[in-house]
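Enquirer: Requesting a structural model of the entry that follows:
(2 chains)
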Number of protein chains: 2
Amino acid sequence: MKYAVLGTGMVGHTLATKLASLGHEVRMGARTADNEKAGAWAETSGAQAGHGTFADVSEWAERVIFAVNGGNIVQVADAVTNAAVAGKTVIDVTNPLDLSKGMPPTLIPELSNTASAGEALQARLPDAKVVKTLNTMNHQIMVDPARIPGEHDVFLCGDDDAAKAEVVSMLAEFGWTDPIDLGPLAAARGTEGLMPFWLRMWGAVGTADFNYRIVRA
Amino acid sequence: MKYAVLGTGMVGHTLATKLASLGHEVRMGARTADNEKAGAWAETSGAQAGHGTFADVSEWAERVIFAVNGGNIVQVADAVTNAAVAGKTVIDVTNPLDLSKGMPPTLIPELSNTASAGEALQARLPDAKVVKTLNTMNHQIMVDPARIPGEHDVFLCGDDDAAKAEVVSMLAEFGWTDPIDLGPLAAARGTEGLMPFWLRMWGAVGTADFNYRIVRA
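Expert: Presented below is the predicted three-dimensional model:
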């Protein structure tokens, strides 16, 4: 499978490296074609690895992962263009954090509660099939659930069932055996809304190596 | 211990009944002294049970539990008055749900993200020691954690350590052995922020009989 991973931060690196290690063709996307971090990643990640602009790697890919700063999701979507992702599964792992108000960050008001980064992305890329997932945990756990012992959960939501099935399959490659489908993409309001709690928990337990388990009667 | 439980809904009934069954003196508070639900509860709950106005039961009590609709928290706080709860531990189990925008409800914008019901309560009752807890689960689980098999978590936060120790003791009476302290009362932004996720999960699993477990490495 050809994956574009948009974003050159820790989350983008972790996802791109894992997908490449699984044998996929991966191109890391950045604002400019000469982005140093994307270039360095491609250089050191084997023959199946490449990089390019947000638009170019998205046009090339079969699946596109948004791993950018959630606060920039609309600008990156506009750089990608709807045409480049029409009919494709777009996987959104972002959180719309507002880093301007001190620590811990809050959510960006326009992208929370009655809105979400996931829905904003879908609105800017109407012909993409956006699926929200993996945004409720630290990046290392995303691709290595066994890092946390015992059972714990990953969630997904989206408006297209076929696209969600594709994401379930990608999650299975990462080691996630039983993802919880929360329904339509609007459920991203719920999973993105976990982030302020996650940040408090991080502060309380002093490590990002934790995850949620939904325990049922 | 003398507990005032403010609120005549399911949460108030569940907490008041549990506390009375544990041998505490409990008075259920309502807006008016002749509230029928509070009167019926007191009538059927033994000699240790009573009821009265928000102000009267709070004045009488040693500990006061806010189990009202979170959207009304400021109005109820004003009815209670700061003088009635000065120096007392005030336990806030509310969520600031906005039921005016359809289902599932969102959070009230003025009481979420950069604010919380817990902090609003503390601001209106500056001489109370507000502790937020139990607002992340269905009311039946609050007083009966064994209802859900295996390990799962309750959280608390507040600005006064002695008040938090009192709440840990009350939680232990309910059966909670290892509550997670998230720090200052501002962490209520995080726990109240779980509610939109909780509502989506409720929809997805079709039951309110679930709870969160924080699984650590």
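
Enquirer: Need phi/psi at the residue nearest the centre of chain A.
Expert: Nearest to the mean C-alpha position of chain A, by C-alpha atoms, centre = their mean, lies residue A:93 at 1.9 Å. Residue A:93 adopts backbone torsions of phi -110, psi 20, taken as degrees, to the nearest 10.

Enquirer: now do residue A:165
Expert: Residue torsions, per degrees, to the nearest 10, at residue A:165 are phi -60, psi -40.

Enquirer: ok, back up a step: list the contacts of the residue nearest to the centre of chain A.
Expert: Going by C-beta atoms under 8 Å, 6 or more residues apart in numbering or on different chains, residue A:93 touches A:11, A:15, A:65-67, A:132-135, A:142. For every residue, glycine as well, the C-beta is placed using N, CA and C.

Enquirer: need those in CSV with distance to residue B:35 and neighbour count, can you?
Expert: Converted to CSV, those look like this (distance: C-beta to C-beta, whole Å; neighbours: other C-beta atoms under 10 Å in any protein chain shown):
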residue, distance to residue B:35, neighbour count
A:11, 52, 25
A:15, 55, 26
A:65, 54, 31
A:66, 51, 31
A:67, 53, 28
A:132, 44, 33
A:133, 46, 27
A:134, 48, 28
A:135, 44, 27
A:142, 50, 25
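
Enquirer: Now, these that are in strands?
Expert: The strands, defined by DSSP state E, take in A:65-66, A:132-133 from those.

Enquirer: And those residues, which is closest to chain B?
Expert: residue A:132 (11.2 Å; C-beta to the nearest C-beta).

Enquirer: what pairs with the closest one across the strands?
Expert: Taking DSSP bridges as the rule, residue A:132 bridges to residue A:92, residue A:157.

Enquirer: From residue A:124, how far out is it?
Expert: Residue A:132 is 15 Å from residue A:124, where distance means C-beta to C-beta, to the nearest Å.

Enquirer: where do the strands sit along chain A?
Expert: Under the criterion DSSP E, chain A contains strands at A:2-6, A:25-30, A:49-53, A:63-66, A:89-92, A:97-98, A:106-107, A:129-133, A:155-158, A:180-181, A:210-216.

Enquirer: Can I get those in TSV including mean pLDDT?
Expert: TSV is the format used below for the strands of chain A (pLDDT from 0 to 100):
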stretch	mean pLDDT
strand A:2-6	98
strand A:25-30	98
strand A:49-53	98
strand A:63-66	98
strand A:89-92	98
strand A:97-98	96
strand A:106-107	96
strand A:129-133	98
strand A:155-158	98
strand A:180-181	98
strand A:210-216	97
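
Enquirer: Redo those as CSV? Include distance to residue A:190.
Expert: Formatted as CSV, the strands of chain A follow (distance: least, C-beta to C-beta, whole Å):
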stretch, distance to residue A:190
strand A:2-6, 23
strand A:25-30, 28
strand A:49-53, 33
strand A:63-66, 18
strand A:89-92, 14
strand A:97-98, 16
strand A:106-107, 12
strand A:129-133, 10
strand A:155-158, 8
strand A:180-181, 11
strand A:210-216, 12
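
Enquirer: what about the residue of chain A positioned farthest from its centre, distance to chain B?
Expert: Ranked by distance from the centre of chain A (C-alpha atoms, centre = their mean), the top residue is residue A:217, with 30.6 Å. From residue A:217 across to chain B, the span is 4 Å (C-beta to the nearest C-beta, to the nearest Å).

Enquirer: That residue: what's it in contact with?
Expert: B:147-149, B:207, B:209-210.

Enquirer: give me that answer again for 7 Å
Expert: The contact partners of residue A:217, taken as C-beta atoms under 7 Å, 6 or more residues apart in numbering or on different chains, are B:147-149, B:209-210.

Enquirer: burial count for residue A:81?
Expert: Number of residues near residue A:81 (other C-beta atoms under 10 Å in any protein chain shown) recorded here: 15.
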